[in-house]
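Q: Pasting the sequence and the predicted coordinates here, then a few questions.
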Amino acid sequence: MGAGHAHVLYRESASPVHRLPPEVKLAAMVLFTLAVVATPRAAFWAFGGYALLVAAVATLARVGPGWLLSRAAIELPFVLFAFALPFLGAGERVEVAGVALSVDGLLGGWNIVAKGTLGVLASLLLAATTTTRDLIVGLDRLRCPQVVTQIATFMLRYLDVLVGEARRMRVARISRGDDPRFLWQLRGFAAGVGSLFLRAFERGERVYLAMLSRGYSGRMPAVWQGAGAATAGQWLAGAAVPLVAVAIAATAVVLT
Amino acid sequence: MQTPTPSLDVRGLRYAYPDGHLALAGVDLTVPRGGRVALLGPNGAGKTTLVLHLNGVLTATGGTVSVGGLTVDRDRATLAEVRRRVGIVFQDPDDQLFLPTVAEDVAFGPANLGLRGAELVARVDEALAAVGMGEHRDRAPHHLSFGQRRRVAVATVLAMRPEILVLDEPSSNLDPAARRELAEILRGLPVTLLMVTHDLPYALELCDRSVILDAGRIVADAPTRELLADRELLAAHRLELPYGFAAR
């Protein structure tokens, strides 16, 4: 039978990062990402600084580099284009190992890969230290519009459900002789996406009906929100990382 | 003599889906307080559609539903009270349990009713004790067995202290021991029970009265034992006792 609502990314632990209230971590993550994005691409030292920050938080949160990096691979399809840029870019050329590469293209590719990776790592750290339910509570406490938190609630739930259903459908396909090799699997998978969507949609509807039947009125009961809202001290602790990031970004902007 | 208000009183309930398909064609059903009634019917008879009318999730095209004397309408306050009074346990516990721990999920309903603090904790403990799941309160629902998850699903609505407990296929996917344990728990609960099922032995075990819903109408309403002994009636509505069974 289905494993129910397993956590896809959350890593159980009692680390200081886990104990921070979700709204603090959310705000820190957004601010950190903004600082990274605002950094001029040629300020290489700044990105080194950000990487150190990410490593420090990961150590505090007891999340290993292997876990982080293997999951960060999810960005690969999105940054593939960045690897083509050095070959496609125009303008000044530089010889690297006998291949002429565009300087502008190299910088452009680096810009996408570096910022993308840092953003993905920051989000992964947030996901690894915060349960999905806490994320929604955090968004709620940050006065996020109700529509957004509701959509997020259901999206997160669909994600768990989707993974479970996809796994079961894959097993059923293999059981009927589908070849599980990567590329060959795509065809069967593509054919299954439609029904996967329908099943996920129907499941989501049933979950919602069950919630409605227990008096759900569009907002998680305040009982989860009242207890443990962030204290000033926790905001201060959580602010450390994004403030350093903002300082790095500001310095980088001034220097270049 | 004045008769006490029934827990559930459905009169002339009609419902047509947006595409015009008539799912309920005038359903009349009364369940007295403390009664245990099985709602039998083949797949597609309109059982689940009827259940979703009982707490106002679906709105009838015609007819009325009253729960403990309160008539279901679109008013927000009425709906909230109706959803407290009618506790629906859905067929798949994975649809019902969506929070990280058992205790939080059981607290979801009463918290929506406005309960807080010690009162809420007491309500959660009471409901979990009623289904014998007290020691699992801090576990994640997806780490429990299927039978345990169904018992927790029952607790999530018991925590709202419903007037009537509505169970959709409570015995489906349970192994024989889990099925018996659930029956023992249900028999011990001091609430009105409406059990939607096509598991006829389970209906016989738990409910002294049964009704058959087919093609959107109640076509039979009698003591369960009598109903199950009428082979022709059962066959006419795609219901059958499992191989080797006979109601006597």
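A: Looks like it came in fine.
Q: can you give me the helices for chain A?
A: A:16-19, A:22-38, A:44-60, A:65-72, A:76-88, A:103-129, A:132-141, A:146-175, A:182-213, A:223-226, A:232-255 (DSSP state H).
Q: CSV for those, including mean neighbour count and mean pLDDT?
A: For every residue, glycine as well, the C-beta is placed using N, CA and C. Below are these laid out as CSV (neighbours: other CB atoms under 10 Å in any protein chain shown; pLDDT from 0 to 100):
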stretch, mean neighbour count, mean pLDDT
helix A:16-19, 17, 86
helix A:22-38, 21, 92
helix A:44-60, 17, 92
helix A:65-72, 14, 88
helix A:76-88, 14, 82
helix A:103-129, 20, 90
helix A:132-141, 22, 81
helix A:146-175, 16, 73
helix A:182-213, 15, 77
helix A:223-226, 16, 53
helix A:232-255, 16, 89
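Q: Columns distance to chain B on top of the ones you listed, output as TSV?
A: Output for the helices of chain A, formatted as TSV (distance: least, CB to the nearest CB, whole Å):
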stretch	distance to chain B
helix A:16-19	13
helix A:22-38	13
helix A:44-60	22
helix A:65-72	20
helix A:76-88	29
helix A:103-129	14
helix A:132-141	6
helix A:146-175	6
helix A:182-213	4
helix A:223-226	4
helix A:232-255	21
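Q: Just confirm B:Arg11 is within a helix.
A: No: according to DSSP: H, G, I helix; E, B strand; the rest coil, the state of B:Arg11 is strand, so it is not within a helix.
Q: per-residue confidence at it?
A: At B:Arg11, the model reports a pLDDT of 95.
Q: Give me the spatial nearest neighbour of A:Ala245, chain neighbours excluded.
A: Of all residues not flanking A:Ala245 in the chain, A:Ala35 sits nearest, at 4.0 Å (CB to CB, 6 or more residues apart in numbering or on different chains).
Q: Residue of chain B nearest chain A, please.
A: Going by CB to the nearest CB, chain A is nearest to B:His142 of chain B, at 2.9 Å.
Q: burial count for that residue?
A: The local packing of B:His142 (other CB atoms under 10 Å in any protein chain shown) involves 17 other residues.
Q: Look up how far A:Val57 lies from B:Tyr202.
A: 54 Å (CB to CB, to the nearest Å).
Q: Around chain A, pick out the residues from chain B.
A: Proximity of chain B to chain A, by CB under 8 Å from any CB of the partner chain, involves residues B:52, B:55, B:57, B:80, B:83-84, B:86-88, B:90, B:92, B:94-100, B:104, B:107-109, B:111-113, B:116, B:120, B:140-142, B:146, B:149, B:156-157, B:160, B:173.
Q: about what we covered before: got the contact list for the residue nearest to A:Ala245?
A: Counting by CB atoms under 8 Å, 6 or more residues apart in numbering or on different chains, A:Ala35 makes contact with A:Tyr50, A:Pro242, A:Ala245, A:Val246, A:Ile248, A:Ala249.
Q: how about B:Phe90, what does it touch?
A: Counting by CB under 8 Å, 6+ apart, B:Phe90 makes contact with A:Arg206, A:Leu209, A:Ala210, A:Ser213, B:Gln96, B:Ala153, B:Asp168.
Q: Turn those residues into JSON lines, columns for distance to A:Ala127.
A: Listed next are the contacts of B:Phe90 as JSON lines, based on distance: CB to CB, whole Å:
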{"residue": "A:Arg206", "distance to A:Ala127": "26"}
{"residue": "A:Leu209", "distance to A:Ala127": "28"}
{"residue": "A:Ala210", "distance to A:Ala127": "26"}
{"residue": "A:Ser213", "distance to A:Ala127": "30"}
{"residue": "B:Gln96", "distance to A:Ala127": "25"}
{"residue": "B:Ala153", "distance to A:Ala127": "28"}
{"residue": "B:Asp168", "distance to A:Ala127": "34"}
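Q: Mind picking the two most distant members of those residues?
A: By the measure CB to CB, A:Leu209 and B:Ala153 form the most distant pair in these, at 13.4 Å.
Q: returning to what we had before: would you list the helices of chain A in CSV and tack on distance to B:Thr61?
A: Shown next, in CSV, are the helices of chain A (distance: least, CB to CB, whole Å):
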stretch, distance to B:Thr61
helix A:16-19, 51
helix A:22-38, 44
helix A:44-60, 57
helix A:65-72, 50
helix A:76-88, 49
helix A:103-129, 45
helix A:132-141, 36
helix A:146-175, 28
helix A:182-213, 19
helix A:223-226, 37
helix A:232-255, 53
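Q: so which of the ones you listed comes closest to B:Leu189?
A: Among these, the nearest to B:Leu189 by CB to CB is helix A:182-213 (18.0 Å).
Q: Quick one: the strands in chain B, in order.
A: Using DSSP state E, the strands assigned to chain B run over residues B:8-16, B:22-31, B:36-40, B:62-67, B:70-71, B:86-89, B:164-168, B:192-197, B:209-214, B:217-223.
Q: Columns mean neighbour count and distance to A:Gly177 on top of those strands, output as TSV?
A: Below are the strands of chain B laid out as TSV (neighbours: other CB atoms under 10 Å in any protein chain shown; distance: least, CB to CB, whole Å):
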stretch	mean neighbour count	distance to A:Gly177
strand B:8-16	19	44
strand B:22-31	19	39
strand B:36-40	26	40
strand B:62-67	19	50
strand B:70-71	14	57
strand B:86-89	27	39
strand B:164-168	24	36
strand B:192-197	24	37
strand B:209-214	22	40
strand B:217-223	16	45
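Q: Tell me the confidence at the residue lying farthest from the centre of chain A?
A: Among the C-alpha atoms of chain A, the one most distant from their mean position (CA atoms, centre = their mean) is that of A:Gly98, at 37.4 Å. At A:Gly98, the model reports a pLDDT of 74.
Q: To what extent is B:Arg149 buried, counted in neighbours?
A: Number of residues near B:Arg149 (other CB under 10 Å) recorded here: 22.
Q: what sits against it?
A: B:Arg149 makes contacts with A:Gly4, B:Pro93, B:Asp94, B:Leu97, B:Pro141, as judged by CB under 8 Å, 6+ apart.
Q: what's the answer for A:Glu165, then?
A: Neighbouring residues of A:Glu165 by CB under 8 Å, 6+ apart: A:Gly2, A:Leu196, A:Arg199, A:Ala200, A:Arg203.
Q: same thing but at 7 Å, please
A: Contacts for A:Glu165 (CB atoms under 7 Å, 6 or more residues apart in numbering or on different chains) come out as A:Leu196, A:Arg199, A:Ala200.
Q: who's in contact with the first one?
A: It stands for A:Leu196. So A:Leu196 contacts A:Leu162, A:Glu165, A:Ala166, A:Met169 (CB under 7 Å, 6+ apart).
Q: and if we set it to 6 Å?
A: A:Glu165, A:Ala166 (CB atoms under 6 Å, 6 or more residues apart in numbering or on different chains).
Q: What of B:Pro18?
A: Shown in contact with B:Pro18 (CB under 6 Å, 6+ apart): no residues.
Q: Model confidence for it, exactly?
A: For B:Pro18, the predicted pLDDT is 85.
Q: and what of the one 4 residues further on?
A: Confidence per residue is given as pLDDT, and for B:Leu22 that number is 90.
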